[in-house]
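Q: With the sequence up front, the predicted model follows.
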Amino acid sequence: MNLRLGGRFKNSYNYLIFFLKERAILCLAILLVAAFITAGFVFYSYALKSPSVIPDEPTIKINQDIYQKVIRDLESRQTNIKQGIEKNYRDIFK
C-alpha cells in the first residue's frame, strides 16, 4: 500500500513539474495575481479598516526660552561666518 501511495505522489509531483515548465508565464501570472490580492488584503486590514486616532491637543510644545536661545546662537554663527568670509587671508600658493 505504501508503494502505491508513493507512486501516486511521484506521478503528481512529476505532473506538477511538467506543468510548471510548460506553462511558466501562466504560473507567473497566477503568482503575481495572488501577490496583489494578498497585498491588497493586508493594506485593507491595516490601513483602511483600523480606526484613526485624532489627538486632543497638539503634540508639539515649544519652550520659548530655549527657542530664543537657539535663534540667538544661529544669528551669532551667521555673523561669525560673514566675518570669516570678509576677512582677507594671504595666498598660500605664492
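A: Looks like it arrived, so ask away.
Q: which regions of the protein lie under the pLDDT threshold?
A: For the chain, applying pLDDT under 70 flags the ranges 1-9, 55, 58.
Q: do that again at 80, thanks
A: By pLDDT under 80, the weakly predicted segments of the chain are 1-10, 48-61, 83-89, 91, 94.
Q: Over to Y89. Which of the three states is it?
A: coil (DSSP: H, G, I helix; E, B strand; the rest coil).
Q: Next, count neighbours for it.
A: Close neighbours of Y89, defined as other C-beta atoms under 10 Å, add up to 6. All C-beta spots, glycine's among them, are computed from the backbone N, C-alpha and C.
Q: wait, what's in contact with it?
A: Shown in contact with Y89 (C-beta atoms under 8 Å, 6 or more residues apart in numbering): no residues.
Q: Please report how far it lies from Q78.
A: Distance, Y89 to Q78, using C-beta to C-beta, to the nearest Å: 20 Å.
Q: Which helix or strand contains A39?
A: Using DSSP states H and E, the element containing A39 is helix 24-43.
Q: Just the CA atoms from that helix would do, formatted as CSV, please.
A: This file holds the C-alpha atoms of helix 24-43, laid out as CSV (Å, rounded to 0.1, in the frame of the first residue of the first chain):
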residue,chain,number,x,y,z
ALA,A,24,5.8,29.2,-16.9
ILE,A,25,4.1,32.5,-18.0
LEU,A,26,0.7,31.3,-16.7
CYS,A,27,2.2,30.3,-13.4
LEU,A,28,4.0,33.6,-13.1
ALA,A,29,0.8,35.5,-13.8
ILE,A,30,-1.1,33.4,-11.2
LEU,A,31,1.5,34.0,-8.6
LEU,A,32,1.5,37.8,-9.4
VAL,A,33,-2.2,38.0,-9.1
ALA,A,34,-2.1,36.1,-5.8
ALA,A,35,0.6,38.5,-4.5
PHE,A,36,-1.5,41.5,-5.4
ILE,A,37,-4.6,40.0,-3.7
THR,A,38,-2.6,39.3,-0.6
ALA,A,39,-1.1,42.8,-0.6
GLY,A,40,-4.5,44.4,-1.1
PHE,A,41,-5.9,42.4,1.8
VAL,A,42,-3.0,43.4,4.1
PHE,A,43,-3.4,47.1,3.1
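Q: Fine by me, thanks again.
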